[in-house]
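Colleague: I'd like to go over a predicted model; first the sequence, then the structure.
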Amino acid sequence: MFRKKKESNVLNVMYYEGLNGFLQDMPCNIIFDETEIIIKKINPDVTVKLPIKQITAIDAMQESNFMAQYHNTTGTTSKMGTKFYYVFKYTSSTGEPKHLAFWDVSGKTMKQVLKHRELILNQSSPSEYVL
């Protein structure tokens, strides 16, 4: 009767690529904090923290676009509905450009990712830079 309101800073998604200790296409949580993004996997528990200051871009796209851009292939694996991929591009602690990818089929997740993308990129973008 009374349902607990779901926190809007927590996303339940499927992991795709970019992390050690995570299995592809297995569920995980992304928690948006003020200073970092926390990615949690359960059983066995693994937690990864990505400081917001290291994030350079967040892309949200349909599966066909993701596969073309990141894997140079076409086609989709979704049998029902559309898969949306969320790609977090960042600079690693060693200075290398890297990315993390997750997917989900919910339009609600897309709205949450786009909202957090705006907040994060506004926070980490310089207000002035030299070309």
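Modeller: Yes, it's here. Residues are numbered from 1 along each chain as shown.
Colleague: longest helix anywhere in the chain?
Modeller: Secondary structure of the chain per DSSP state H: the longest helix is helix 107-124.
Colleague: assign the residue nearest to the spatial centre of the chain to helix, strand or coil.
Modeller: Per CA atoms, centre = their mean, the C-alpha nearest to the average position across the chain is that of Tyr86, at 4.4 Å. Of the three states, Tyr86 takes strand according to DSSP: H, G, I helix; E, B strand; the rest coil.
Colleague: please name the bridge partners of it.
Modeller: Beta-bridge pairing for Tyr86 (DSSP bridges): Ala60, Phe102.
Colleague: surely it and Trp103 touch.
Modeller: Yes: Tyr86 is within contact range of Trp103, at 7.1 Å (criterion: CB atoms under 8 Å). C-betas here are computed from N, CA, C, even on glycine.
Colleague: mind listing the shared neighbours of those two?
Modeller: Shared contacts of Tyr86 and Trp103 (CB atoms under 8 Å, 6 or more residues apart in numbering): Val13.
Colleague: about what we covered before: give the buried residues for the longest helix of the chain.
Modeller: By neighbour count on 16 or more other CB atoms under 10 Å, the buried set for helix 107-124 is Thr109, Met110, Gln112, Val113, His116, Arg117, Ile120.
Colleague: and that helix, C-alpha only, in PDB?
Modeller: Output in PDB follows, covering the C-alpha atoms of helix 107-124 (Å, rounded to 0.1, in the frame of the first residue of the first chain):
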ATOM      1  CA  GLY A 107      13.100   5.400 -20.600                       C
ATOM      2  CA  LYS A 108      13.000   6.600 -16.900                       C
ATOM      3  CA  THR A 109      16.700   5.600 -16.500                       C
ATOM      4  CA  MET A 110      17.500   7.700 -19.600                       C
ATOM      5  CA  LYS A 111      15.900  10.800 -18.100                       C
ATOM      6  CA  GLN A 112      17.800  10.300 -14.800                       C
ATOM      7  CA  VAL A 113      21.100   9.900 -16.700                       C
ATOM      8  CA  LEU A 114      20.500  13.000 -18.700                       C
ATOM      9  CA  LYS A 115      19.600  15.000 -15.600                       C
ATOM     10  CA  HIS A 116      22.800  13.800 -13.800                       C
ATOM     11  CA  ARG A 117      24.900  14.400 -16.900                       C
ATOM     12  CA  GLU A 118      23.900  18.100 -17.000                       C
ATOM     13  CA  LEU A 119      24.700  18.500 -13.300                       C
ATOM     14  CA  ILE A 120      28.000  16.700 -13.500                       C
ATOM     15  CA  LEU A 121      29.300  18.300 -16.600                       C
ATOM     16  CA  ASN A 122      28.300  21.800 -15.400                       C
ATOM     17  CA  GLN A 123      30.200  21.100 -12.200                       C
ATOM     18  CA  SER A 124      33.400  19.700 -13.900                       C
END
